[in-house]
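Student: Sequence first, predicted model second:
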Amino acid sequence: MLLQRPEINVNAADKDGFTPLISASFGGHGDVVKRLLESNGIDVNFRAGSNHTALVLAAVEGHADVVRLLLGKKEIKVNLVGGNGNSALIGASIKGSTEVTKVLLARDDIDVNVVNDAGSTALSRAADKGFVDIVGLLLAVDGIEGNTATNLGNTALTFAVYEGHEDVARMLLERSDVEVNIAVPQFGYTALHMAANGGYVSIVRMLLRRNDTDVNSASNKGESALIRALVKQHWDVAEMLLKR
């Protein structure tokens, strides 16, 4: 076997900066990954030319079995970030891999609040995509930060509301530590502005159940949620707001 030859450099990278382990992990080739991990001198934390690691790529691609194999190496750095500053957990959240998320969250050393280059966390990415199961798993972790804002000022809640993800919005709003009045700087819209603007009746109703929701919060143009509902002709939303 090639791995038994002394002149073989198991960590040699190709023109793209991929080592055999990174390539095998990316492709989900568990048997190959297992053999490589048994090699002396294998670097499980090697960064490819794009800064991705074997663990990050396996997580992004949803290869849970490969992720388990990699996590079996004591020297693995589970929170090491790859391209765009994404950790393995963020990668799994972006792609909606519930199984990989579960595997990673089983680690005592996992950091659920890692922030990538765009200022996003695993929670905000999962909320933006509407991945209910992953959001639920993340919210069950002690120490999860629910109000981290991206570089553009979006939180998990504003992402979920903007996209109309009712179930995710409900899960977030059930938490008293989630702030409902954070405004995204670009337009000054809060979650209520976004829900009213989109005509999301159920989400507006959920927001109004929160006693701390500021129904009169003004956007950068001085518009309230009611004005946005009227402009968009969402009469049912406007009626709900007028009853407050």
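Tutor: Sure, I can see it.

Student: per-residue pLDDT, F18?
Tutor: In this model, F18 is scored at 86, pLDDT.

Student: now it, nearest residue through space, not along the chain?
Tutor: For F18, ignoring the flanking residues on the chain, the nearest one in space by CB to CB, 6 or more residues apart in numbering is A48 at 5.1 Å. Any C-beta I mention is one placed from the backbone N, CA and C, and that applies to glycine too.

Student: Please export the C-alpha coordinates of the helix or strand harbouring R228 as PDB.
Tutor: Per DSSP states H and E: R228 is located in helix 225-231. Taking Å, rounded to 0.1, in the frame of the first residue of the first chain, the C-alpha atoms of helix 225-231 are listed here in PDB:
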ATOM      1  CA  ALA A 225     -44.800  49.000  11.400                       C
ATOM      2  CA  LEU A 226     -48.300  50.200  10.900                       C
ATOM      3  CA  ILE A 227     -47.200  52.500   8.100                       C
ATOM      4  CA  ARG A 228     -45.400  49.600   6.400                       C
ATOM      5  CA  ALA A 229     -48.500  47.500   6.600                       C
ATOM      6  CA  LEU A 230     -50.600  50.300   5.100                       C
ATOM      7  CA  VAL A 231     -48.100  51.000   2.300                       C
END
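
Student: A127 reaches L139, doesn't it?
Tutor: No - in this structure, A127 is not within contact of L139 by CB atoms under 8 Å, at 9.8 Å.

Student: which neighbours do the two share?
Tutor: Counting by CB atoms under 8 Å, 6 or more residues apart in numbering, the contacts common to A127 and L139 are L172.

Student: out of those two, which sits in the busier spot?
Tutor: Just comparing A127 and L139: by other CB atoms under 10 Å the higher neighbour count belongs to A127, 33 against 20.

Student: Secondary structure of Q233: a helix, I assume?
Tutor: No - going by DSSP: H, G, I helix; E, B strand; the rest coil, the assignment for Q233 is coil, not a helix.

Student: Now it, what are its backbone angles?
Tutor: phi 60, psi 40 (degrees, to the nearest 10).

Student: So what's the residue count around it?
Tutor: Neighbours of Q233 (other CB under 10 Å): 9.

Student: where's it relative to I227, distance?
Tutor: 12 Å (CB to CB, to the nearest Å).

Student: what sits up against the helix or strand that the helix holding R228 is followed by?
Tutor: Using DSSP H and E, the helix or strand that directly follows helix 225-231 along the chain is helix 235-242. Contacting residues not belonging to helix 235-242 are listed as 195-196, 199-201, 204-205, 208, 215, 225-226, 229-230 [CB under 8 Å, 6+ apart].

Student: Neighbour count says what about the residues you listed? Which are buried?
Tutor: 195-196, 199-201, 204, 208, 215, 225-226, 229-230 (16 or more other CB atoms under 10 Å).

Student: Please, where are all the helices along the chain?
Tutor: 20-27, 30-37, 54-60, 64-71, 88-95, 98-105, 122-129, 132-139, 156-163, 166-173, 191-198, 201-209, 225-231, 235-242 (DSSP state H).

Student: Which one of those helices lies nearest to S219?
Tutor: helix 191-198 (5.9 Å; CB to CB).

Student: Distance from the closest one to the middle of the chain?
Tutor: 22 Å (CA atoms, centre = their mean, to the nearest Å).

Student: How about stretch 124-135?
Tutor: That offset, for stretch 124-135, works out to 7 Å (CA atoms, centre = their mean).

Student: Give the buried residues for it.
Tutor: Buried, per 16+ other CB under 10 Å, within stretch 124-135: 124-132, 134-135.

Student: now swap in stretch 184-204 and tell me
Tutor: For stretch 184-204, the neighbour count (16+ other CB under 10 Å) marks 184, 188-201, 203-204 as buried.

Student: do stretch 39-55 as well
Tutor: Buried-residue list, stretch 39-55, by 16+ other CB under 10 Å: 42, 44, 46-48, 52-55.
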